[in-house]
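S.K.: Have a look; sequence and predicted model below, questions after that.
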Amino acid sequence: MSTRRFPEGFLWGVAAASYQVEGAAGEDGRGPSIWDTFSHTPGKVLHGHTGDVSVDQYHRYPEDAALMRDLGVGAYRFSIAWPRVQPAGSGAFNELGFDYYKRLADELHGAGLKAVATLYHWDLPQALEDAGGWPMRDTAMRFADYAAETFSRLGDHIDMWITMNEAWCSSVLGYHIGAHAPGRQDRSASWAAGHHLLLAHGLSVQAYRAGGGGAAGAAPIGITHNLETPHPATNRTEDAEAADRAMDMRTRFFLDPIIGKGYPRRHFDAYPGETPPPIETGDMETIASPVDFLGLNFYFEPTLAAAPVGQDGEVRDGVACHPEEFREVPTHHERTEMDWPVTPRGLYRHLKRVWEHIGGAVPLYITENGCAMPDELSADGLRCHDPRRVAYLREHFAAAADAIADGVDLRGYFVWSLIDNFEWAYGYTKRFGIVYADYVNQRRVPKDSYYYLRGVISGAEPV
Ligand code: FCB
């Protein structure tokens with residue numbers, strides 16, 4: 001039997017995000033966000049699904065808190081919808097919006113959980129996108145105001161703050177690839193967006209430190225990234241170089257400025273057509289404002305090989321070209337319903353590499369990990385079997401425990417997600433929950449993975 005253990009005080013949690021679970025899109029003065037606009041635009045989200053109702057957590061949070069209490073987790077990571085607390089993204093704040101997050105935090109505390117709040121999980125107020133969105137510097141200034149106000153209003157309710165969730169997704173999927181809101185396709189705008197997201201992070205950390213950050217100002221503050229530490233497809237030098245090159249865009253661009261190393265110059269030097277981000281004096285110091293932890297979202301480790309440089313869609317000598325000199329190659333791994341490879345040892349390598357890259361500067365948290373897998377609801381509707389999710393979690397927990405044993409200061413682990421929800425451009429077609437959501441009658445059914453996680457937390461299940 002395995003002797004793996006998680007340290008005393010290890011923080012187990014589950015995670016979700018405002019637009020994915022809240023619903024109540026038009027209630028209590030909430031303004032529209034870019035995800036409302038995007039999901040209501042035909043052709044953008046599968047089947048035309050929207051977050052208008054979702055799993056209605058805005059009204060059902062007491063039931064969800066009870067589920068978390070029974071699960072035994074120590075924390076819930078949720079996000080604050082900026083347009084709920086500041087409908088136009090500038091100017092007036094909405095008291096009813098703050099009230100909701102106070103009620104939610106109180107309910108969590110009553111259930112014995114910590115409230116871990118993300119300030120930005122992608123729902124930019126539409127009015128700010130109309131003014132240019134994240135490629136505009138002013139959006140970072142608006143975010144700093146929103147953050148400062150939120151720290152002072154909710155500071156005594158929140159136990160841990162995360163400024164941004166996955167700036168790569170907001171900038172690259174939102175402004176370059178266009179698969180996420182606001183759906184723009186402009187490569188240089190996406191680098192500007194990336195810079196302004198990081199700047200917004202830095203400004204908000206400064207505001208937090210300056211304002212004392214609520215009750216005691218003692219709640220830690222950090223940022224969550226979806227970094228990548230790709231695996232080279234072969235041990236040929238060009239594949240190893242391609243995997244390293246990918247790290248510039250997926251890891252170094254977003255992580256290095258946070259730890260005071262600046263942007264990876266090589267990336268912009270290598271591509272003559274690439275526009276470097278619009279950095280102004282003092283920006284890099286602001287972005288490097290010290291954080292208390294780094295949050296990592298991990299789903300899989302990509303396997304990359306060198307590719308001829310060319311435009312997306314161009315084929316040379318039978319090989320698809322890529323502007324970035326690398327391409328993902330198919331592997332033998334099991335795949336999830338997102339078509340993501342299941343690579344638990346990749347999590348071990350990821351934690352080790354990120355930990356080494358930051359020189360052990362701050363503790364790490366896994367702020368998201370989980371998978372979309374087939375679920376089988378029992379005939380009586382009371383149980384939901386998801387053996388592949390149980391196996392996925394088991395293997396990833398083991399990898400995390402091994403990384404801790406090998407010296408990585410990993411303090412907590414948040415499973416994505418508490419409950420099935422609106423999976424962005426995939427709508428409700430991908431289920432990541434450890435609780436099954438019946439979208440017709442809002443019934444919640446804990447899956448086998450929920451009971452498995454409960455066993456891991458209580459110590460009944462070996463890791
Ligand atoms: C991450 C997002 C999260 C969820 C998972 C599956 O990139 O942060 O909201 O959609 O993927």
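M.R.: Sure thing, it's come through. Numbering: from 1, shown residues only.
S.K.: Which residues are in contact with the spatially closest residue to Thr367 that is not a sequence neighbour?
M.R.: Leaving aside its sequence neighbours, Thr367 sits nearest to Gly295 (Cβ to Cβ, 6 or more residues apart in numbering; 3.6 Å). Glycine gets a C-beta too; all of them are placed from N, C-alpha and C. Gly295 makes contact with 162, 222-225, 364-367 under the criterion Cβ atoms under 8 Å, 6 or more residues apart in numbering.
S.K.: which pair in these spans the largest distance?
M.R.: Ile223 and Ile366 (14.0 Å; Cβ to Cβ).
S.K.: Just confirm Arg389 contacts Leu453, I think it does.
M.R.: No - with contacts counted by Cβ atoms under 8 Å, Arg389 stays clear of Leu453, the gap being 9.9 Å.
S.K.: what is in contact with those two at once?
M.R.: Ile434.
S.K.: hang on, the earlier thing: who's more crowded, Ile223 and Ile366?
M.R.: Per other Cβ atoms under 10 Å, whichever of Ile223 and Ile366 has more neighbours is Ile223, with 29 against 26.
S.K.: What count of nearby residues applies to Cys52?
M.R.: Slight slip there: residue 52 is Asp, not Cys. When neighbours are defined as other Cβ under 10 Å, Asp52 has 14 of them.
S.K.: Excluding covalently adjacent residues, which one is nearest to it?
M.R.: Asp52's closest residue in space is Ala25 (Cβ to Cβ, 6+ apart), at 4.7 Å.
S.K.: do you know how far that neighbour is from Pro302?
M.R.: From Ala25 across to Pro302, the span is 34 Å (Cβ to Cβ, to the nearest Å).
S.K.: So which elements touch the helix or strand where Met68 lies?
M.R.: Met68 belongs to helix 57-71 when elements are defined using DSSP states H and E. Applying 3 or more Cβ pairs under 8 Å, 6 or more residues apart in numbering; DSSP states H and E, one finds that helix 57-71 contacts helix 95-110, strand 444-446, helix 448-458.
S.K.: Identify each buried residue in the last one, please.
M.R.: Within helix 448-458, the residues that qualify as buried by neighbour count (16 or more other Cβ atoms under 10 Å) are 448-450, 452-454, 456-457.
S.K.: Likewise for the first one?
M.R.: The neighbour-count criterion (16+ other Cβ under 10 Å) identifies 97-98, 100-102, 104-105, 107-108 as the buried residues of helix 95-110.
S.K.: who does whichever helix or strand comes after that helix pair up with?
M.R.: Later in the chain than helix 95-110, the nearest helix or strand by DSSP H and E is strand 114-120. Paired neighbours of strand 114-120 in the sheet (DSSP bridges): strand 75-79 (parallel), strand 160-165 (parallel).
S.K.: what sits up against strand 114-120?
M.R.: Contacts of strand 114-120 (Cβ under 8 Å, 6+ apart): 11, 13, 17, 74-80, 82, 101, 104-105, 108-109, 143, 146-147, 150, 154, 157-165, 170, 197, 200, 204, 224, 414.
S.K.: per-residue confidence averaged over it?
M.R.: Across strand 114-120, pLDDT averages out at 98.
S.K.: what does stretch 128-139 give?
M.R.: 98.
S.K.: Return the set of buried residues in it.
M.R.: 128-129, 133-137, 139.
S.K.: ends of it, how far apart?
M.R.: 7 Å (Cα to Cα, to the nearest Å).
S.K.: Give me the residues contacting it.
M.R.: 34, 37, 88-90, 124, 140, 142, 170-171, 174-175, 181-182, 184, 186, 189-190, 192-193, 196-197, 199-200, 278, 280.
S.K.: Show the buried residues in those.
M.R.: Buried members of these, counted by 16+ other Cβ under 10 Å: 34, 37, 88-90, 124, 140, 142, 170-171, 174-175, 181-182, 184, 189-190, 192-193, 196-197, 199-200.
S.K.: Spit out the contact partners of the closest residue to Phe397 other than its chain neighbours.
M.R.: Nearest residue to Phe397 in three dimensions, chain neighbours excluded: Val463, at 5.0 Å (Cβ to Cβ, 6+ apart). Residues near Val463 by Cβ under 8 Å, 6+ apart: 2, 4-6, 394, 397-398, 401, 456.
S.K.: And the residue nearest the centre of the chain?
M.R.: Asn165 (4.4 Å; Cα atoms, centre = their mean).
S.K.: distance of the closest residue to Gln126 other than its chain neighbours from the ligand?
M.R.: Of all residues not flanking Gln126 in the chain, Pro32 sits nearest, at 4.3 Å (Cβ to Cβ, 6+ apart). Pro32 is 19 Å from the ligand, where distance means Cβ to the nearest ligand atom, to the nearest Å.
S.K.: before we move on, what about Gly31?
M.R.: Using Cβ to the nearest ligand atom, Gly31 is found at 21 Å from the ligand.
S.K.: Now for Val342: which residues touch it?
M.R.: Counting by Cβ under 8 Å, 6+ apart, Val342 has contacts 300, 333-336, 371, 392, 395.
S.K.: follow-up on the earlier one: what about the strands paired with strand 114-120, which gets the closest to the ligand?
M.R.: Closest to the ligand of those, according to Cβ to the nearest ligand atom: strand 160-165, at 5.3 Å.
S.K.: How far does that closest one sit from its chain's centre?
M.R.: 10 Å (Cα atoms, centre = their mean, to the nearest Å).
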